[in-house]
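Asker: just need the structure, nothing else, for what follows:
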Amino acid sequence: MTLPTPTLMTERLRLRPFADADADDLFALHSNAYVLRYWDSPPWVDRASATRFLDRCQQMAREGSGARVVIERTADQAFVGWCSFNGWNPEFRSASLGYCLDEAAWGHGYATEAARALLRWAFETLDLNRVQSEADTRNVASARVLEKLGFVLEGTLREDCVVNGDVSDSWVYGLLRRDWTG
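Answerer: Residues are numbered from 1 along each chain as shown. Take a look at the predicted model:
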């Protein structure tokens, strides 16, 4: 089953499918060690990583396992980052939310605005009942984004990944359809 990647508009942002032309912006984002300091994968060192990422975006859509979209500012079409649903399970009506934004975009509410639009699409289009997201316990800014969206902290995965050589914990957040306020 395929899952068409949406194009969504918000007050300040456009969320759209990835294109090959996004490879340079994507590489710049994922090669920034500071941006990825809480990720469980190292910064990219070769541009082929961007191509593999773009291929996985298309594969997710073909397999119907998720959707990943570019976040761009409508005012100047600047690449802000990306947002995604993955692990979509139609039987359980669940998926996981993820996002990664360029350092220059932090603190402007873009992550919340983009994720809210993608959540609205997913609850309405995919008939989800539950969305889950995880954040490194040191990533307080990401936790705030999730809480603004109505996610509830459900627990901590102790020492569940290694980030930059350090064993790290993750918070698990959940959002149920009945708690979604849009």
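
Asker: ranges for the helices of the protein?
Answerer: Along the chain, counting by DSSP state H, helices occupy 23-30, 48-63, 110-125, 140-148.

Asker: point out the other helices and strands that the last one packs with.
Answerer: Contacts defined by 3 or more C-beta pairs under 8 Å, 6 or more residues apart in numbering; DSSP states H and E place helix 140-148 against helix 110-125, strand 130-136, strand 166-176. In this view, the C-beta of every residue, glycine as well, is placed from N, C-alpha and C.

Asker: name the residues of that helix that are buried.
Answerer: The neighbour-count criterion (16 or more other C-beta atoms under 10 Å) identifies 142, 143, 145, 146 as the buried residues of helix 140-148.

Asker: and that helix, how far out from the chain's middle?
Answerer: 13 Å (C-alpha atoms, centre = their mean, to the nearest Å).

Asker: relative to strand 166-176, how tilted is it?
Answerer: Calculated by axes from the mean of the first three to the mean of the last three C-alpha atoms, to 10 degrees, helix 140-148 forms an angle of 10 degrees with strand 166-176.

Asker: ok, and what's touching helix 140-148?
Answerer: 38, 99, 106, 111-112, 115, 133, 135-136, 153, 171, 173, 175 (C-beta atoms under 8 Å, 6 or more residues apart in numbering).

Asker: next, the angle from it to strand 130-136.
Answerer: 160 degrees.

Asker: in a markdown table: the contacts of helix 140-148, plus pLDDT and neighbour count.
Answerer: As requested, the contacts of helix 140-148 are exported to a markdown table (pLDDT from 0 to 100; neighbours: other C-beta atoms under 10 Å):
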| residue | pLDDT | neighbour count |
| --- | --- | --- |
| 38 | 92 | 18 |
| 99 | 97 | 22 |
| 106 | 95 | 14 |
| 111 | 97 | 25 |
| 112 | 97 | 16 |
| 115 | 97 | 25 |
| 133 | 98 | 22 |
| 135 | 96 | 21 |
| 136 | 95 | 19 |
| 153 | 98 | 13 |
| 171 | 97 | 20 |
| 173 | 98 | 23 |
| 175 | 98 | 22 |
